[in-house]
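Visitor: Build the 3D model from these lines:
(2 chains)
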Amino acid sequence: MSNTIPVTIDFSGGAEFLVKAKAQKVQIPAKSTLRDVLKFVRDNLVTDVHRINMLLSDDASEVAHGVITLINDTDTGLLSEYDTVIEAGDTITFVSTLHGG
Amino acid sequence: MDENEWVAGISRKDAGRYSRQLLVDDFGVNGQKNLKSSKVLIVGAGGLGCPVATYLGAAGVGTLGIVDYDQISLDNLHRQVAYKETQVGQSKAQGLAEQIKSQNSDVNVVVHNISLDSSNAVEIFKNYNIVCDCTDNVATRYLINDVCVILNIPLVSGSALRWDGQLSVYHYGPDCPCFRCLFPSAPDPSSVTNCNEGGVLGPIVGTIGSMQALEVMKIAANVPSTLAGKLLLFDGREGKSRTIRLRKRDPKCAVCGDNPTITTPIDYVVFCGAGAHDKIEHLNLLAECDRVNVEEYRDIRKNQKQILLDTRPPVEFEIAHLPEAINVTLNECRSLPAAEISSRLGIDSSESNVYVICHRGNDSQRAVLLLREKIDKIRFRDIIGGYEDWANKINDKFPLY
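Guide: Okay, the predicted model is just below:
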């Protein structure tokens, strides 16, 4: 049995249109970093592959400009950014910034 | 003691008018006086600007500046609640100023009926001590941010789309990030949806605009618990809001960092790859022979019923469509196999022509390019200008949106 942990991945601000569901509980490999989660999202959650540039860079090494990533409602810029290690039960959020008014 | 003597913190007139907010702890007389001496600039007199201006005017802000170059249109009224039907076609900045003045004649209202850009922003902003970003496009958001940092003015920034709103205070206090600390690079223009395309509900901009006015009152009154360094996310569909902690000011930020490279406004259209408005694009992707105008299509369908593929999202298809239209969205044109698209359209072997229509004639061209690759026996042509042209040139009773 592979060693996995349960996490919630949710999407807000328009990013939810690119994926199966606005919030979903998934199993990811233990000791994954945020960088690994980006690739997991690309490979497992994104359904609208033609507009993936709204969420992730071409090689899924970074989020697209205008997207903030949160772990448990904290900007990953306050954590270890892409090197932040994900723990069981974490909620990882992708927020697309809005510009309308 | 003399009955004609007393110690007053505020004039009798203001005490009477603003009594209900004077009674609020942590606001009080001091907050009221500070608000009265504040000069607040609102950039964008739209869905956010209307509630911001309305609440700040009513609350007794000293000076209220309003920047907007646009005119009031009928499709603004569902969310831009300061305007009346009789004002359609008039200046938004002027219209909002009149509304504020009629509600509270003590407010000094300054109208800036101008398109904000790098050449005029510093001159306008330097007369104010709090700025509200109520705009609708990325280029202007970077311009406003940079000028606020350059002039050291706190920025109360709101935005909204569909069911969602976002709100933060930038460049307020030593650790507080600016918009550019969070987003050093502008988003790809093709990934930005505006209210013209995505839509927005009035109470969403109303909620966010009202909260922007509240943040201004907190800054003016020196209430410490502002949204500086935080981002409030409002999900109106679920009735949820949450406030997240943002990263601190980036010492390497190009504008608010320790060694800034941006010390005067730059060219934001170049920086963002997109203009300073949320108006509509007009693409030209196809050769002339692959396009028909609405008059031609009217004549073609008069003689014989045609197959018409409508690429719009279902919510738009439901507003109105021509009776022969079959809804296959642009995304479905991309992702569905050729056989399924053919069957949805009811194409049989005798068929050789399919027309493609959308709202304004951009997505229909994109769809023709995709469909051509998938289904090679059919000639796909798009209808220039889409339903908008149909409504404007063929039948003005067609519901335009």
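
Visitor: Name every strand pairing with the longest strand belonging to chain A and say which way it goes.
Guide: In chain A, with assignment by DSSP state E, the single longest strand is strand A:4-12. Strand A:4-12 has its sheet partners listed here by DSSP bridges as strand A:23-29 (antiparallel), strand A:91-96 (parallel).

Visitor: In space, what's closest to A:Ala30 - neighbours in sequence excluded?
Guide: A:Asn3 (4.5 Å; CB to CB, 6 or more residues apart in numbering or on different chains). Glycine gets a C-beta too; all of them are placed from N, C-alpha and C.

Visitor: and the one you found, how many neighbours does it have?
Guide: Neighbour count for A:Asn3, taken as other CB atoms under 10 Å in any protein chain shown: 8.

Visitor: rewinding a little: nearest to B:Ala320, out of the strands paired with strand A:4-12?
Guide: Nearest of these to B:Ala320, taken as CB to CB: strand A:91-96 at 29.8 Å.

Visitor: what about chain A, any weak spots by pLDDT?
Guide: For chain A, the stretches flagged by pLDDT under 70 are A:1-2.

Visitor: Now do the residue nearest to A:Ala30 against B:Trp163, distance only.
Guide: Note on A:Asn3: its distance to B:Trp163, by CB to CB, to the nearest Å, is 38 Å.

Visitor: Single out the most deeply packed of the strands paired with strand A:4-12.
Guide: With neighbours defined by mean count of other CB atoms under 10 Å in any protein chain shown, none of these is more surrounded on average than strand A:91-96, at a mean of 23.

Visitor: got the contact list for it?
Guide: Identification of contacts with strand A:91-96 by CB atoms under 8 Å, 6 or more residues apart in numbering or on different chains yields A:7-15, A:34, A:37, A:41, A:54-55, A:63, A:66-73, A:86, B:166, B:231, B:233, B:244.

Visitor: Please pick the buried ones from these.
Guide: A:7, A:9-15, A:34, A:37, A:41, A:54-55, A:63, A:66-71, A:86, B:166, B:231, B:233, B:244 (16 or more other CB atoms under 10 Å in any protein chain shown).

Visitor: Who does the closest residue to B:Glu215 other than its chain neighbours form a beta bridge with?
Guide: Once flanking residues are discounted, B:Glu215 sits nearest to B:Val156: 4.7 Å by CB to CB, 6+ apart. Going by DSSP bridges, B:Val156 is paired in beta bridges with B:Cys132, B:Val169.

Visitor: pLDDT score assigned to B:Val156?
Guide: pLDDT recorded at B:Val156 is 98.

Visitor: And the pLDDT for B:Glu98?
Guide: pLDDT, B:Glu98: 97.

Visitor: Same question for the one 5 residues further on.
Guide: Confidence at B:Gln103, expressed as pLDDT, is 97.

Visitor: Next, count neighbours for it.
Guide: 13.

Visitor: thought it was touching B:Ala53?
Guide: No - B:Gln103 is beyond contact range of B:Ala53, at 9.7 Å (criterion: CB atoms under 8 Å).

Visitor: so who does the nearest residue to B:Asp68 once chain neighbours are set aside touch?
Guide: Leaving aside its chain neighbours, B:Asp68 sits nearest to B:Ala45 (3.9 Å; criterion: CB to CB, 6+ apart). With contact set as CB under 8 Å, 6+ apart, B:Ala45 has these partners: B:Ala53, B:Ile66, B:Val67, B:Asp68, B:Asp70, B:Gln80, B:Ala82, B:Lys92, B:Ala93, B:Gly95, B:Leu96, B:Cys134.

Visitor: State the distance from the third one to chain A.
Guide: Using CB to the nearest CB, to the nearest Å, B:Val67 is found at 13 Å from chain A.

Visitor: how near is that residue to B:Lys302?
Guide: Applying CB to CB, the value for B:Val67 to B:Lys302 is 49 Å.

Visitor: go on, the first one?
Guide: For B:Ala53, the distance to B:Lys302 (CB to CB) stands at 51 Å.

Visitor: do the same with the second one
Guide: If you measure B:Ile66 against B:Lys302 using CB to CB, the figure is 50 Å.

Visitor: more crowded one of the two?
Guide: Neighbour totals were compared for B:Ile66 and B:Lys302, and B:Ile66 leads with 28 against 9 (other CB under 10 Å).

Visitor: which residues does the more buried one form a beta bridge with?
Guide: B:Ile42, B:Val111.

Visitor: hey, C-alpha coordinates of stretch B:28-38 in PDB?
Guide: Provided in PDB are the C-alpha atoms of stretch B:28-38 (Å, rounded to 0.1, in the frame of the first residue of the first chain):
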ATOM      1  CA  GLY B  28     -16.700  58.300  18.000                       C
ATOM      2  CA  VAL B  29     -16.000  62.100  17.800                       C
ATOM      3  CA  ASN B  30     -12.400  61.500  16.900                       C
ATOM      4  CA  GLY B  31     -13.200  59.200  14.000                       C
ATOM      5  CA  GLN B  32     -15.800  61.700  12.800                       C
ATOM      6  CA  LYS B  33     -13.400  64.600  12.900                       C
ATOM      7  CA  ASN B  34     -10.700  62.600  11.100                       C
ATOM      8  CA  LEU B  35     -13.100  61.500   8.400                       C
ATOM      9  CA  LYS B  36     -14.100  65.100   7.900                       C
ATOM     10  CA  SER B  37     -10.500  66.100   7.400                       C
ATOM     11  CA  SER B  38      -9.900  63.100   5.000                       C
END
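
Visitor: what residues does it touch?
Guide: By CB under 8 Å, 6+ apart, stretch B:28-38 touches B:9-10, B:14, B:18, B:21-22, B:24, B:59-63, B:129-130, B:216-217, B:220-223.

Visitor: Which strand or helix spans B:Asp14?
Guide: According to DSSP states H and E, B:Asp14 maps onto helix B:12-17.

Visitor: ditto for B:Ala53
Guide: In this assignment (DSSP H and E), B:Ala53 forms part of helix B:49-59.

Visitor: Now do that helix, average pLDDT.
Guide: Across helix B:49-59, the average pLDDT comes to 98.

Visitor: Who are the packing partners of it?
Guide: With contacts taken as 3 or more CB pairs under 8 Å, 6 or more residues apart in numbering or on different chains; DSSP states H and E, helix B:49-59 sits against strand B:39-43, strand B:63-67, helix B:92-103, helix B:202-220.

Visitor: Any chance of those in a markdown table with distance to A:Pro29 as columns?
Guide: Below are the helices and strands packed on helix B:49-59 laid out as a markdown table (distance: least, CB to CB, whole Å):
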| stretch | distance to A:Pro29 |
| --- | --- |
| strand B:39-43 | 47 |
| strand B:63-67 | 51 |
| helix B:92-103 | 53 |
| helix B:202-220 | 38 |
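
Visitor: For stretch B:51-63, list the C-alpha coordinates in CSV.
Guide: C-alpha atoms of stretch B:51-63 as CSV (Å, rounded to 0.1, in the frame of the first residue of the first chain):
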residue,chain,number,x,y,z
PRO,B,51,-21.5,52.1,-2.8
VAL,B,52,-18.1,53.4,-1.8
ALA,B,53,-19.0,57.0,-2.7
THR,B,54,-22.5,56.7,-1.3
TYR,B,55,-21.5,55.5,2.1
LEU,B,56,-18.5,57.8,2.5
GLY,B,57,-20.5,60.8,1.4
ALA,B,58,-23.3,59.9,3.8
ALA,B,59,-20.8,59.3,6.6
GLY,B,60,-19.4,62.8,6.2
VAL,B,61,-16.1,62.4,4.5
GLY,B,62,-14.5,65.8,3.9
THR,B,63,-13.4,65.6,0.3
